[in-house]
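Enquirer: need a structure here:
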Amino acid sequence: MCNFNTLSDEEKKLHHEKLLHCANNFGGKNFFLHLLEAIRETKPHPLVSTATNFNIELGSVTWNKVIFNDKLQLLIKARVNESKQNNLLPNTDAKNHKKILNLLRTLRPIVFHVNPANKENGHGFFFQPFDIIDDNITKLNPLFDAMFFCSVDTVKKVLNYVPKI
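Expert: Numbers count the residues shown, from 1 in each chain. From the prediction side, this is the model:
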């Protein structure tokens, strides 16, 4: 997702539609981008909040399980490899396979709920961190990637993408 320029036109269109739908359910592109900027500016990373929520004046993001910093750091490293191997899970003979597998088992049940402060702006949306393709292939959910890791400029590019006819 963060390497938007390398995606096919079909994938770009799909990511654009999904992200635009979520942005509209939060109050529009500007509100959504404001949320992302607030997430990027927060230190330490909002995902390691023991309160399992992130609030700004426009709305909130909540989730159902505490994520510890060591899991977040491992996820950040695994994200880099996902773009190279098209799979978050490394080969079974890789030395970090078991650590990544445990990370996936830990984070897989988490559900993130994003709600605007004013219900008139939209009804919000929810997502999980991973897309499980099969037992051996797991990918980072593009929405999760956009919410917490991709640059705001990349997300703007996705939101403003005009599909080719």
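
Enquirer: does the residue positioned nearest the centre of the chain count as helix, strand or coil?
Expert: Residue closest to the mean C-alpha point of the chain, counted by CA atoms, centre = their mean, is residue 144 at 1.2 Å. Secondary structure for residue 144, judged by DSSP: H, G, I helix; E, B strand; the rest coil, is helix.

Enquirer: From residue 34, how far out is it?
Expert: Distance from residue 144 to residue 34, counting by CB to CB, to the nearest Å: 19 Å. From N, CA and C alone the C-beta is placed, and that goes for glycine too.

Enquirer: residues contacting the residue nearest to the centre of the chain?
Expert: Contact analysis of residue 144 by CB atoms under 8 Å, 6 or more residues apart in numbering lists 112, 127-130.

Enquirer: swap in residue 38?
Expert: If you count contacts by CB under 8 Å, 6+ apart, then residue 38 has 54, 56 around it.

Enquirer: Need phi/psi at it.
Expert: phi -70, psi -40 (degrees, to the nearest 10).

Enquirer: which stretches of this structure form strands?
Expert: 53-56, 59-63, 112-116, 125-127, 130-132, 138-140 (DSSP state E).

Enquirer: can those go into JSON lines with extra columns for mean pLDDT, mean neighbour count and distance to residue 70?
Expert: Listed next are these as JSON lines, based on pLDDT from 0 to 100; neighbours: other CB atoms under 10 Å; distance: least, CB to CB, whole Å:
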{"stretch": "strand 53-56", "mean pLDDT": "93", "mean neighbour count": "16", "distance to residue 70": "20"}
{"stretch": "strand 59-63", "mean pLDDT": "95", "mean neighbour count": "20", "distance to residue 70": "17"}
{"stretch": "strand 112-116", "mean pLDDT": "96", "mean neighbour count": "19", "distance to residue 70": "20"}
{"stretch": "strand 125-127", "mean pLDDT": "95", "mean neighbour count": "18", "distance to residue 70": "23"}
{"stretch": "strand 130-132", "mean pLDDT": "89", "mean neighbour count": "16", "distance to residue 70": "18"}
{"stretch": "strand 138-140", "mean pLDDT": "89", "mean neighbour count": "19", "distance to residue 70": "18"}
